[in-house]
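Chemist: Take a look and give me a structure for this.
(one chain, ligands or ions: 3)
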Amino acid sequence: MGYQKIKVPTDGDKITVNSDLSLNVPNHPIIPFIEGDGIGVDVTPAMLKVVDAAVDKAYGAKRSIVWMEVYTGEKATKVYGPDVWMPEETLEALQEYSVGIKGPLTTPVGGGIRSLNVALRQELDLYACIRPVRWFKGVPSPVTCPEKTDMVIFRENSEDIYAGIEWQADSPEAQKLIHFLKEEMGVTKIRFDEGCGIGIKPVSKEGTQRLVRKAIQHAIDNDLPSVTLVHKGNIMKYTEGAFKEWGYELAHERFGAEPLDGGPWHTLKNPKTGNDIIIKDVIADAFLQQILMRPDEYSVIATLNLNGDYISDALAAEVGGIGIAPGANIGGSVAIFEATHGTAPKYAGQDKVNPGSLILSAEMMLRHMGWTEAADLILKGVGGAIEAKTVTYDFERLMPDATLLKCSEFAEAIVDNM
Ligand SMILES: NC(=O)C1=CN([C@@H]2O[C@H](COP(=O)(O)OP(=O)(O)OC[C@H]3O[C@@H](n4cnc5c(N)ncnc54)[C@H](OP(=O)(O)O)[C@@H]3O)[C@@H](O)[C@H]2O)C=CC1
Ligand SMILES: O=C(O)CCC(=O)C(=O)O
Ligand SMILES: [Mg+2]
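Modeler: Ligands and ions are numbered 1, 2, ... in the order given. Presented below is the predicted three-dimensional model:
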C-alpha cells in the first residue's frame with residue numbers, strides 16, 4: 001500500500017496472520033511504532049535500543065526488527081497538519097503490519113480531543129488490554145511481601161463508560177437525553193437536571209464473553225489457578241452485574257466449568273494439565289482492599305474497562321509503580337503493545353523516567369511473535385539491572401545505596417545485563 005508520509009522500509013517483510021490468528025513472522029519483520037507524546041521521546045528510543053540489542057544477541061544477523069515510524073498525537077500534527085491527531089494511514093499501517101508498539105499519548109481533561117489511546121483500541125477493535133503485574137527482585141514496594149502479587153489483568157477495552165459516549169452539561173444533546181429519560185423512560189433519579197452532564201455505559205454479552213474467553217484461555221495455557229471476574233454488579237446490575245453473569249455462563253458453556261458448592265463460583269479442569277481452575281468473582285471495592293491484604297489469592301483478573309484502568313495502576317504500585325508496568329492491546333489479527341503509564345509531561349524530554357514499562361511491553365511483543373529467546377534476554381537484562389541497583393529516579397528514591405541512572409543509561413544497563 002502507498003502511504004503519504006509513512007516511509008515503508010525496503011529491507012523488511014510483513015508479518016502475516018493465519019485464519020487461526022497464528023502469526024507468520026519473517027526473519028526481518030517491519031514493525032510500526034508510535035513515538036508518543038511527553039516522555040515518549042525518552043522511553044521510545046530506549047525501548048528500540050534494548051529490543052535491537054536483545055534480538056541481535058539472541059539471533060545475530062539471522063533476525064532483526066525493521067522499525068517503521070507511524071504518527072499519532074502531537075507528532076502527527078507536525079507531520080500532517082495542525083488538526084490531524086490520528087491520520088487514517090496510521091490506522092491502515094497498524095492493521096496492515098499486524099504487530100505494533102506505541103508510546104503514551106496525551107488526553108486533555110474536561111475538553112479538547114478525546115483519547116487517542118481509546119480511539120486506537122476502538123478503531124482496531126483491540127478488545128483485550130492485557131497487563132501482567134509481577135515483582136522483580138529488588139524493586140522497592142510499599143507492601144511487605146510484593147512477591148505475592150503475581151497477576152495478569154484482562155481489561156475489556158472497547159465498551160463501558162470509558163467508550164466516551166457522553167454529553168456536556170446544558171448542551172442540547174444532554175438536555176434532549178435527560179428529557180427523554182424523564183419523559184419516556186420514567187427516570188426519576190436524575191438529582192439535578194440543570195447543569196448535568198450525562199454519559200452512557202454500554203456493556204454487551206459479546207463484548208464481555210470475548211474478553212473472558214481470552215482470560216480463561218490464558219489461565220489454561222499458563223496453568224494458572226484462578227480467573228476472577230471483578231465488577232460492581234450489586235450497584236450497576238445490568239452492566240457490571242451482567243458482566244459477571246455472562247462471564248460464568250461463558251466459563252460453563254465454552255469451557256465446561258461447573259458450579260462449585262452450588263455456585264456462583266465455578267471450577268474446571270485444565271485440559272492441558274488436569275489442574276483445577278477456579279472461576280470466581282469479587283465486587284470491585286472489596287477487590288481493591290484484598291489485593292493489598294491477600295494478593296496471593298488472585299491470578300488472572302477479567303474486568304470491565306474503567307475498573308481495569310484503576311486496577312492497573314493500583315496493582316502496579318504494589319510491585320514498584322507504573323514505571324515498570326507493561327501492557328498489550330490485542331484484538332483479532334492486530335496487537336499493539338503499550339505501557340500502562342501516560343505521558344508524564346513534567347518529565348518530558350529530560351532523559352529521566354523509567355523506560356521499563358515500554359521495554360517490558362516490547363518483551364510481551366517479542367513473546368507474541370514467538371521470539372522467546374530475545375524476550376527472555378530482556379527479562380534477564382531488566383532483572384539484572386535492578387539487582388545491581390542501577391535504576392532510574394522512581395526506584396532510586398526508595399532504594400538505599402542505589403545508583404541513579406538516566407532513562408537512556410538504564411536502557412544501557414539492561415543491555416549490559418542481558
Ligand atoms: N496509554 C496511554 O497513552 C496513557 C495516556 N495517559 C495520558 O497521559 C497524560 C498524563 O497523565 P497522568 O495522569 O499524569 O499519568 P502518568 O502515567 O503520565 O504519570 C503519573 C505519574 O506516574 C509516574 N510515572 C509515569 N510514567 C513513569 C515512568 N515511565 N517512570 C517513572 N514514573 C512514571 C510519575 O510519578 P512521580 O510524579 O511520582 O514521579 C508521574 O508523575 C494524560 O494526558 C493522560 O490522559 C495516561 C495513561 C495512559
Ligand atoms: O487514554 C488516556 O489518555 C488514558 C488511558 C489510560 O489511563 C489507560 O488506558 O490506562
Ligand atoms: Mg490508566
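
Chemist: Could you pick out the residues of this structure near ligand 1 for me?
Modeler: Residues of the chain lying close to ligand 1 by Cβ under 6 Å from any ligand atom are 39, 43, 104-107, 117, 322-323, 338, 341-344, 353-354, 357, 394. Using the backbone N, CA and C atoms, a C-beta is placed for each residue, glycine as well.

Chemist: What about the residues you listed, which are in helices?
Modeler: Per DSSP state H, helices hold the following members of these: Val43, Asn117, Ser357, Asp394.

Chemist: which of those has the most neighbours?
Modeler: Val43 (31 neighbours; other Cβ atoms under 10 Å).

Chemist: about what we covered before: just the residues of the chain next to ligand 1 that are near ligand 2?
Modeler: Filtering the residues of the chain next to ligand 1 for neighbours of ligand 2 using Cβ under 6 Å from any ligand atom leaves Thr107, Asn117, Gly342.

Chemist: Take those residues and write them to CSV, including distance to Gly199 and pLDDT.
Modeler: Converted to CSV, these look like this (distance: Cβ to Cβ, whole Å; pLDDT from 0 to 100):
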residue, distance to Gly199, pLDDT
Thr107, 16, 91
Asn117, 18, 96
Gly342, 21, 97
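
Chemist: and which of those residues is nearest Lys49?
Modeler: Closest approach between those and Lys49, by Cβ to Cβ: Gly342, at 21.9 Å.

Chemist: close enough to count as contact, that closest one and Pro104?
Modeler: Yes - Gly342 is within contact range of Pro104, at 4.8 Å (criterion: Cβ atoms under 8 Å).

Chemist: Tell me how many other residues surround Asp285.
Modeler: Neighbours of Asp285 under the rule other Cβ under 10 Å: 11.

Chemist: tell me the contacts of it?
Modeler: Neighbouring residues of Asp285 by Cβ atoms under 8 Å, 6 or more residues apart in numbering: Lys232.

Chemist: Next, find the distance separating it from ligand 2.
Modeler: According to Cβ to the nearest ligand atom, to the nearest Å, Asp285 stands 19 Å off from ligand 2.

Chemist: same question, Glu166
Modeler: Glu166 sits 15 Å away from ligand 2, going by Cβ to the nearest ligand atom.

Chemist: farthest-separated two in the ones in helices among the residues of the chain next to ligand 1?
Modeler: Asn117 and Asp394 (21.5 Å).

Chemist: Okay, helices next: where are they in the stretch 201-350 of the chain?
Modeler: 205-221, 242-255, 284-293, 305-318 (DSSP state H, counting those that start in this stretch).

Chemist: Rebuild these as TSV, extending it with distance to Met86 and mean pLDDT.
Modeler: Output for those, formatted as TSV (distance: least, Cβ to Cβ, whole Å; pLDDT from 0 to 100):
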stretch	distance to Met86	mean pLDDT
helix 205-221	22	98
helix 242-255	29	98
helix 284-293	31	96
helix 305-318	19	97
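
Chemist: now those helices in JSON lines, with distance to Ala411?
Modeler: Below are the helices of the stretch 201-350 of the chain laid out as JSON lines (distance: least, Cβ to Cβ, whole Å):
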{"stretch": "helix 205-221", "distance to Ala411": "29"}
{"stretch": "helix 242-255", "distance to Ala411": "39"}
{"stretch": "helix 284-293", "distance to Ala411": "30"}
{"stretch": "helix 305-318", "distance to Ala411": "20"}
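
Chemist: looking at those, which is closest to Gln122?
Modeler: helix 305-318 (10.6 Å).

Chemist: Any residue of that closest one touching ligand 2?
Modeler: Yes - residues of helix 305-318 contacting ligand 2 under Cβ under 6 Å from any ligand atom: Asp309, Ser312.

Chemist: what sits in contact with each of Gly342 and Pro104?
Modeler: Gly38.

Chemist: Show the end-to-end separation of stretch 213-231, please.
Modeler: Terminal residues of stretch 213-231 lie 16 Å apart, using Cα to Cα, to the nearest Å.

Chemist: list the buried ones in that stretch?
Modeler: Judged by neighbour count (16 or more other Cβ atoms under 10 Å), stretch 213-231 contains these buried residues: 213-216, 218-220, 224, 226-231.

Chemist: give me the number of residues near Leu360?
Modeler: When neighbours are counted by other Cβ under 10 Å, Leu360 comes out with 26.

Chemist: Check the gap between it and Leu315 for me.
Modeler: Using Cβ to Cβ, to the nearest Å, Leu360 is found at 14 Å from Leu315.

Chemist: just to revisit the earlier point, which residue of Gly342 and Pro104 possesses the greater neighbour count?
Modeler: Taking other Cβ under 10 Å, Gly342 and Pro104 do not tie; Pro104 has more neighbours (27 against 19).

Chemist: now Leu116, nearest residue through space, not along the chain?
Modeler: Leaving out its chain neighbours, the residue that sits closest to Leu116 by Cβ to Cβ, 6 or more residues apart in numbering is Leu105, at 4.5 Å.

Chemist: what sits against that neighbour?
Modeler: Counted by Cβ under 8 Å, 6+ apart, Leu105 has contacts Ile34, Gly36, Asp37, Gly40, Thr72, Gly73, Ser115, Leu116, Asn117, Thr343.

Chemist: Please identify which pair of those residues lies farthest apart.
Modeler: Across the contacts of Leu105, no pair lies farther apart than Gly40 and Ser115, at 15.1 Å, counting by Cβ to Cβ.

Chemist: higher neighbour count, the two?
Modeler: Gly40 (28 against 15).

Chemist: Gly323 against Leu360, yeah?
Modeler: No - in this structure Gly323 lies outside contact range of Leu360 using Cβ under 8 Å: 10.2 Å.

Chemist: Going along the chain, name the helices of the stretch 1-150 of the chain.
Modeler: With helices called from DSSP H, counting those that start in this stretch, the stretch 1-150 of the chain shows them at 40-59, 74-80, 88-97, 116-123.

Chemist: which residues of the stretch 251-400 of the chain fall in strands?
Modeler: 258-259, 266-269, 276-283, 300-303, 328-330, 335-338, 390-391 (DSSP state E, counting those that start in this stretch).
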